[in-house]
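Undergrad: Predicted model and sequence below, questions to follow.
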Amino acid sequence: MEISALYHFPVKSLQGHKCKSLPLDQYGAVNDRRWMLVDADNQFVTQRRLRAMAQLKATATRDGVRFENPEGLRLEIRQPGREAELKTVRVWHDDVTARDAGDDAAHWLSEQLQSPVRLVAMGDEFRRPLKAPRADRQVGFADGAPLLVISQASLDDLNSRLPEPVSMLRFRPNLVVSGCEPFAEDHWKTLTVHTHDGPLVFDCTHPCARCAIPGLHPFTGRAQKEPLRTLASYRRWADGQIYFGMNLAPDAATAAWLGDENPPTIHLSDKVEVR
């Protein structure tokens, strides 16, 4: 088994992109889901509410993040400094401290989305512990775990049942693994990636229950019946949820390594072991 694709999503629920390597830190992939849009009540905003978010590209830069709309109009925003306003914002059921990215970002994004939003970023004071028994580990603005893995075989199985294939971008993973059976990830307990820097061990914390976003076209936000209709026919579990993918958190030893000054990097073709 090996890493066959890597994905990066700088801003929660905006477009992401493929990449050849994925450096890690204590929150997951470096610069992955470190920015987020919030409404006037400081609640997080996603494509479930504003489908036009799917049309905006977000790319991490050396100093912050770059946005681009479908017409090619761009805006670059610097990482907010210590002078930036602190806000208490909500991600699902978690209230966290983030830094406001300023009026330029708010005005541009609000205009693009035709809805009032503000951009916030993780700062040095950000803390969002995982649930027990992993409360000593952290997650950024991702839904519930630092990383998400999906096997290529799982997507291939789904696409074999669809009238038209869909992209892995529908499901927004960080890691794609090849060389296993479809939905083998349902049963993994740990996943080890053998990087150039050494082995990284991740706990497979819980399967990923899917919301409405896989039913939205990843570049337009247009709602479509597939692939959720087909997934529901064979991936709806006893609790009524549709599952696709596995959430990952570093084990204790890997988490300590990710807190070092020189954290490791996952590359394409890195070998993977599971148990």
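TA: Yes, it's here.

Undergrad: thought residue 10 was touching residue 58?
TA: Yes. Taking contact to mean Cβ atoms under 8 Å, the distance of 4.5 Å between residue 10 and residue 58 places them in contact. Where you see a C-beta, it was placed from the backbone N, CA and C, and this is true even at glycine.

Undergrad: so what's in contact with those two at the same time?
TA: 16, 35, 65 (Cβ atoms under 8 Å, 6 or more residues apart in numbering).

Undergrad: Nearest to residue 154 among those?
TA: Lowest distance from residue 154 to the shared contacts of residue 10 and residue 58 (Cβ to Cβ) belongs to residue 16, with 18.6 Å.

Undergrad: Return the distance of the nearest residue to that closest one once chain neighbours are set aside relative to residue 258.
TA: Nearest residue to residue 16, sequence neighbours excluded (Cβ to Cβ, 6 or more residues apart in numbering): residue 9, at 3.5 Å. To residue 258, residue 9 is 18 Å away according to Cβ to Cβ, to the nearest Å.

Undergrad: Neighbour count for the two, which is higher?
TA: For residue 9 versus residue 258, neighbours defined as other Cβ atoms under 10 Å are more numerous around residue 9 (25 against 21).

Undergrad: check contacts around the more buried one.
TA: Residues in contact with residue 9 (Cβ under 8 Å, 6+ apart) are 15-16, 32-33, 58, 172, 174.

Undergrad: change it to 10 Å
TA: Contact criterion Cβ atoms under 10 Å, 6 or more residues apart in numbering gives 15-17, 29, 31-35, 58, 60, 141-142, 148, 169, 172-174 as the residues in contact with residue 9.

Undergrad: How about residue 178?
TA: 1-5, 151-153, 156, 269, 272.

Undergrad: Recalculate using a threshold of 8 Å.
TA: Applying Cβ under 8 Å, 6+ apart as the definition, the contact partners of residue 178 turn out to be 1-2, 4, 151-153.

Undergrad: Now do stretch 202-221, average pLDDT.
TA: In this model, stretch 202-221 carries a mean pLDDT of 97.

Undergrad: got the buried residues for that stretch?
TA: Applying a neighbour-count criterion of 16 or more other Cβ atoms under 10 Å, one finds 202-205, 207-210, 213-218, 221 buried in stretch 202-221.

Undergrad: CA atoms only: put that stretch into PDB for me.
TA: What follows is stretch 202-221, C-alpha atoms only, in PDB (Å, rounded to 0.1, in the frame of the first residue of the first chain):
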ATOM      1  CA  PHE A 202      -1.900   7.700  13.200                       C
ATOM      2  CA  ASP A 203      -4.900   6.400  15.100                       C
ATOM      3  CA  CYS A 204      -8.000   5.700  13.000                       C
ATOM      4  CA  THR A 205     -10.300   7.600  15.300                       C
ATOM      5  CA  HIS A 206     -13.700   7.200  13.600                       C
ATOM      6  CA  PRO A 207     -15.300   6.700  10.100                       C
ATOM      7  CA  CYS A 208     -16.300   9.900   8.400                       C
ATOM      8  CA  ALA A 209     -20.100  10.500   8.300                       C
ATOM      9  CA  ARG A 210     -20.900  12.500   5.200                       C
ATOM     10  CA  CYS A 211     -23.000  15.700   5.100                       C
ATOM     11  CA  ALA A 212     -24.500  17.200   2.000                       C
ATOM     12  CA  ILE A 213     -21.200  18.600   0.500                       C
ATOM     13  CA  PRO A 214     -20.300  15.500  -1.600                       C
ATOM     14  CA  GLY A 215     -23.600  16.200  -3.400                       C
ATOM     15  CA  LEU A 216     -22.400  19.600  -4.400                       C
ATOM     16  CA  HIS A 217     -20.200  20.000  -7.500                       C
ATOM     17  CA  PRO A 218     -16.700  20.800  -6.200                       C
ATOM     18  CA  PHE A 219     -16.100  23.700  -8.600                       C
ATOM     19  CA  THR A 220     -19.600  25.200  -9.000                       C
ATOM     20  CA  GLY A 221     -21.500  24.300  -5.900                       C
END
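
Undergrad: Thanks a lot, see you next time.
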